[in-house]
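*Asks:* The sequence and its predicted three-dimensional model are supplied below.
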Amino acid sequence: MILVILDILSWICLLTGSFLGISGAVGLFRFPDFFTRIHASGVTDTMCTVLIIGGLMLQAESWQMVAKLLMILLLLTYTSPTSAHSLAKSAIRGGLRPTLGSGD
Amino acid sequence: MVNLIDIVLMGLLLITAFAIVRMRDLFAIVMLFSIYSLASASFFVNLDAVDVALTEAAVGAGISTVLMLGTLAMTRRHEERRPRQPHLLPLFIVAVTGAVLIYGTLDMPHFADPAAPIHQHVVPRYIEQSGTEIGIPNIVASILASYRGFDTLGETAVVFTAGLGVLTLLGRFGRREELSDGRSMYHDMILRVIGKALVPLMLLFALYVQFHGELGPGGGFQAGVVAAAAFILYSIVFGWDRAQKIISPFALNIMMACGVSLYALVGVAGMLLGGEFLNYNVLGSYPAGGQHLGIFLVELGVGITVAAVMLSIYFDFAARLAVRKLEGE
Amino acid sequence: MYIAATAAILIVMTLAVIRAVMGPTLYDRILAGNMFGTKTVLLIAIMSAVAGRADMVDIALMYALINFIGTIAVLRYFEYWSEEEEKAES
């Protein structure tokens, strides 16, 4: 019984994660400006990663694998916001400016 | 499904390679090289070659990118646009050479053909006998460090020579304490905190990969690269002068030599105890125990040398950049 | 289920490569490279879950570390190079 629940939960997590990943990638492709693209990439880095690794952890076969997947998750949560922050800061210092709207 | 992943990854490799050839912006080409290495590493994982994938990911996407960037910072950013003359003679020579090579491969056995000579003699011996003769689960490590240990000694010597070559070319500068490369990332507090927290984790992971290499993917090369990457991260975030205070180039030179010497000394110890050069069976009270000890020491030697060489090459590049900055002021 | 997740990640990787090739500024390319790195980590984690081997996850762990260093190194050297250019022009 509990195996069926774990199965369904991991199905949901993996499919939602895939959907968010694809939506983030399409956003990367279609957004007009660099700073908005950081947002799209951030969606894939955080939510997609958490859901997919969470789905894999529910289906893992040994505690060793759960521990390793948890470490990957912690590491990615720790480093991908820092990369995005450094990238944005570097872009501002390099002179790139966001394209602003036409105003209301 | 396995074939689908193969096809898509190969397609990505093609797109990236084509873009590398056509682009002129060298920084962008460095990023594309890193993407290329990653796609290759995924491809190797798909082919079930985990040791190779680990090394490719660590070296190709990490250290190689950093060293190429260090080189780029000393030169121009854009390639020159060459005049568009058709070069027919080189194209003809390349096409003929390629055709001859492809013709040469038609005679070879098919990929993964069970009747190929390599699968008749060498591979069954390694797969069947490695468990009893050597006793470690990772057959790749046993082939690398024990069956073909002499080749690995040569590879370690090559890595050491590369480090020596870079040291000779990029030179030694006198009073190094005065040089500073600006510490331009020091003002960013988030990066400082995260960088400082990641360095001990990476060193711990390097030790894990080193000593776990007998049981899973890993070994000396990969561990050395990750350890060097930890120090390179510290040096990038906190500045080259601070990194030099932690581990000085003099210590790196000693470590470079110690690794290769350790490997050679294990071989000589085998000779002194009655066997041949690099025979590990005589190192312990029973042959498999001797093999364990020999492989452990030899991988340690490889790891020390690779870490020291990578870090030394990076420090040489950073010293060049710092001197240029000082002369420019 | 794994097939769907693998296919989705491969699509994301392809779009990231296209952005890396197309992106008008250098920063777009760095962003795409970083994203490609995290997707490789996920792809290797899924492949190791399908194969059932826990030791392939080490590769993903190493890659997550190295990706970060690659991005920070590009930013550091690009800033360094831009500073030099400004000094050379001024």
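*Replies:* Now that the structure is in, tell me what you want to look at. Numbers count the residues shown, from 1 in each chain, chains lettered A, B, ... in the order given.

*Asks:* which phi and psi does the residue nearest to B:G216 when sequence neighbours are not counted have?
*Replies:* The spatial neighbour of B:G216 that comes closest, neighbours along the chain excluded (CB to CB, 6 or more residues apart in numbering or on different chains), is C:D55 at 3.5 Å. All C-beta atoms are positioned from the backbone trio N, CA, C, and that covers glycine. Backbone geometry at C:D55, expressed as degrees, to the nearest 10, gives phi -90, psi -10.

*Asks:* measure C:D55 to A:P32 for me?
*Replies:* Distance, C:D55 to A:P32, by CB to CB, to the nearest Å: 44 Å.

*Asks:* what does A:S62 give?
*Replies:* On the measure of CB to CB, A:S62 and A:P32 end up 46 Å apart.

*Asks:* Find the closest residue to chain C in chain A.
*Replies:* In chain A, the residue that lies nearest chain C is A:S18 (3.4 Å; CB to the nearest CB).

*Asks:* Reduced to three states, what does that residue come out as?
*Replies:* helix (DSSP: H, G, I helix; E, B strand; the rest coil).

*Asks:* wouldn't B:L191 be in contact with B:V237 here?
*Replies:* Yes - in this structure, B:L191 is within contact of B:V237 by CB atoms under 8 Å, at 5.6 Å.

*Asks:* Can you get me a residue count around the single nearest residue of chain C relative to chain A?
*Replies:* Closest approach between chain C and chain A, counting by CB to the nearest CB: C:A8, at 3.4 Å. By other CB atoms under 10 Å in any protein chain shown, the residues close to C:A8 number 24.

*Asks:* Secondary structure element holding it?
*Replies:* helix C:2-22 (DSSP states H and E).

*Asks:* Pull stretch B:79-89 out as PDB, backbone CA atoms only.
*Replies:* Output of stretch B:79-89 as PDB, limited to C-alpha atoms (Å, rounded to 0.1, in the frame of the first residue of the first chain):
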ATOM      1  CA  GLU B  79      39.800  36.300 -33.100                       C
ATOM      2  CA  GLU B  80      40.900  38.100 -36.200                       C
ATOM      3  CA  ARG B  81      38.700  37.800 -39.200                       C
ATOM      4  CA  ARG B  82      40.700  36.000 -41.800                       C
ATOM      5  CA  PRO B  83      40.400  36.800 -45.500                       C
ATOM      6  CA  ARG B  84      38.000  34.500 -47.300                       C
ATOM      7  CA  GLN B  85      40.200  32.700 -49.800                       C
ATOM      8  CA  PRO B  86      39.200  29.200 -50.600                       C
ATOM      9  CA  HIS B  87      42.000  26.900 -49.400                       C
ATOM     10  CA  LEU B  88      41.700  24.000 -51.800                       C
ATOM     11  CA  LEU B  89      44.900  22.100 -51.300                       C
END
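
*Asks:* quick one, what contacts the residue of the stretch 201-329 of chain B found nearest chain C?
*Replies:* Chain C sits closest to B:G216 of the stretch 201-329 of chain B, with a gap of 3.5 Å, by CB to the nearest CB. Going by CB atoms under 8 Å, 6 or more residues apart in numbering or on different chains, B:G216 touches B:50, B:137-138, C:55, C:58.

*Asks:* which intervals of chain A have sub-threshold pLDDT?
*Replies:* Scanning chain A for pLDDT under 70 picks out A:103-104.

*Asks:* Around chain B, pick out the residues from it.
*Replies:* A:75, A:78-79, A:82, A:85-86, A:89 (CB under 8 Å from any CB of the partner chain).

*Asks:* I'd like to know how many residues surround B:L72.
*Replies:* Look at B:L72: counted by other CB under 10 Å, it has 18 neighbours.

*Asks:* meant to ask about B:V193
*Replies:* 12.

*Asks:* Now it: which helix or strand?
*Replies:* Counting by DSSP H and E, B:V193 is found in helix B:189-211.

*Asks:* ditto for B:F111
*Replies:* With DSSP H and E as the criterion, B:F111 is inside neither a helix nor a strand.

*Asks:* cool, B:Y103 as well?
*Replies:* B:Y103 belongs to helix B:88-105, assigned by DSSP H and E.

*Asks:* wait, what's in contact with the residue at minimal distance from the centre of chain C?
*Replies:* When CA atoms, centre = their mean is applied to chain C, the residue found nearest the centroid is C:G37 (2.5 Å). Going by CB under 8 Å, 6+ apart, C:G37 touches B:34, B:38, B:61, C:63-64, C:66-67, C:70-71.
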